[in-house]
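[1] Structure of the sequence below:
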Amino acid sequence: MSQGARILVVDDEPQIRRSLQVNLENKGYVVITAASGEEALDAIAQRQPDVVIIDLILPTINGIELTRRIRKQSPVPIIVLSAIGNEQKKVEALETGADDYVTKPFGMEELTARVRSALRRTIMVPGTEPIFKSGSLTINFERREVRLDDEPIKLTPTEYDLLKYMIQFTGKVLTHRTLLTAIWGEAYADQAQYLRVFIGQLRKKIERNTSRPQYILTDPGVGYRFTHDTQEHQP
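    Here you go, the predicted structure:
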């Protein structure tokens, strides 16, 4: 599904733009480049990319503001690629509208895995498929049934709602605040420990090894991500 997908790379460093273009084109993608936020907005309007990769440090319009402007006009997946790796900046980027955050230096295999994940989300319209399968995990959304290795798993209503919400955004890093607000409401927006308890309970029920989860991954200090990719394991 990803072959031929259009990727917009936004970075003010020519060597990084060129490196990403060569490597991504070798993977079969069509790559568009932009050196500034203004160029990026023009490219989005004219070329309609399938994924946008943005550096945070850009002239005139920084990456956070560019993300905000893109999100106002398009649902295109946005991957932030930056040497700024502190948790506060990651949270800001994600809550502004970015879908993922990759810290420099990075490996191309990691970046292309994130691109594939972003592209999968664009073809998964939440709620259109009543049956969801990932490895040994099966969920029937119409019946609210969850099975692991074809054995029924009993989830509380809140655990089920949390799992379903994360699956709807498979591959996307969801911040603590985003999850707390979506499932419990604004009053719980700052209760990160509350969320950790429910994530722990959910992992005990759907993960074979809670110390090396297959489905619910942690981005320390930022949030959680549901993934299909069994090659990624993170405590």
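[2] low-scoring pLDDT stretches of the protein, where are they?
    Within the chain, the ranges that satisfy pLDDT under 70 run 1-3, 122-129, 229-235.
[3] which residue sits closest to G37, ignoring its sequence neighbours?
    With CB to CB, 6 or more residues apart in numbering as the measure, I61 is the residue that lies nearest to G37, at 2.9 Å, once sequence neighbours are left out. Backbone N, C-alpha and C define where each C-beta goes, glycine included.
[4] So that neighbour, which state does it fall into?
    The three-state label given to I61 by DSSP: H, G, I helix; E, B strand; the rest coil is coil.
[5] How many residues are close by it?
    When counting by other CB atoms under 10 Å, one arrives at 18 neighbours for I61.
[6] For it, give me its contacts.
    With contacts taken as CB atoms under 8 Å, 6 or more residues apart in numbering, I61 has the following neighbours: 36-38, 69.
[7] mind checking the SS state of the residue nearest the centre of the chain?
    Most central in the chain under CA atoms, centre = their mean is K172, positioned 1.8 Å from the mean C-alpha point. For K172, the secondary-structure state derived from three-state DSSP is coil.
[8] mind giving me the domain ranges of the chain?
    According to automatic domain parsing, the chain is divided into the following domains: 6-123, 131-226.
[9] Can you tell me which of those domains is most buried?
    Neighbour counts averaged per stretch over the domains of the chain are highest for domain 6-123, at a mean of 18; criterion: mean count of other CB atoms under 10 Å.
[10] hey, what's the residue of the chain positioned farthest from its centre bridged with?
    Among the residues of the chain, the one whose C-alpha is farthest from the average of all C-alpha positions is E151, by CA atoms, centre = their mean at 28.9 Å. Taking DSSP bridges, one obtains L148 as the residues bridged to E151.
[11] Show me where this protein has its strands.
    Listed in chain order, the strands of the chain (DSSP state E) span 6-10, 30-34, 51-54, 78-82, 100-103, 131-134, 137-140, 145-148, 151-153, 174-175, 216-219, 223-226.
[12] As TSV, those strands with distance to Y165 would be great.
    Rendered in TSV, the data for the strands of the chain read as follows (distance: least, CB to CB, whole Å):
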stretch	distance to Y165
strand 6-10	27
strand 30-34	32
strand 51-54	22
strand 78-82	20
strand 100-103	17
strand 131-134	13
strand 137-140	12
strand 145-148	14
strand 151-153	17
strand 174-175	8
strand 216-219	12
strand 223-226	9
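[13] Of all the ones you listed, which one is nearest D190?
    With respect to D190, and counting by CB to CB, the nearest of those is strand 174-175 at 11.6 Å.
[14] Please name every helix or strand in contact with that closest one.
    Helices and strands touching strand 174-175, by 3 or more CB pairs under 8 Å, 6 or more residues apart in numbering; DSSP states H and E, are helix 87-96, strand 223-226.
[15] Rebuild the ones you listed as JSON lines, extending it with distance to L24.
    Formatted as JSON lines, the entries for these read as follows, by distance: least, CB to CB, whole Å:
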{"stretch": "helix 87-96", "distance to L24": "21"}
{"stretch": "strand 223-226", "distance to L24": "22"}
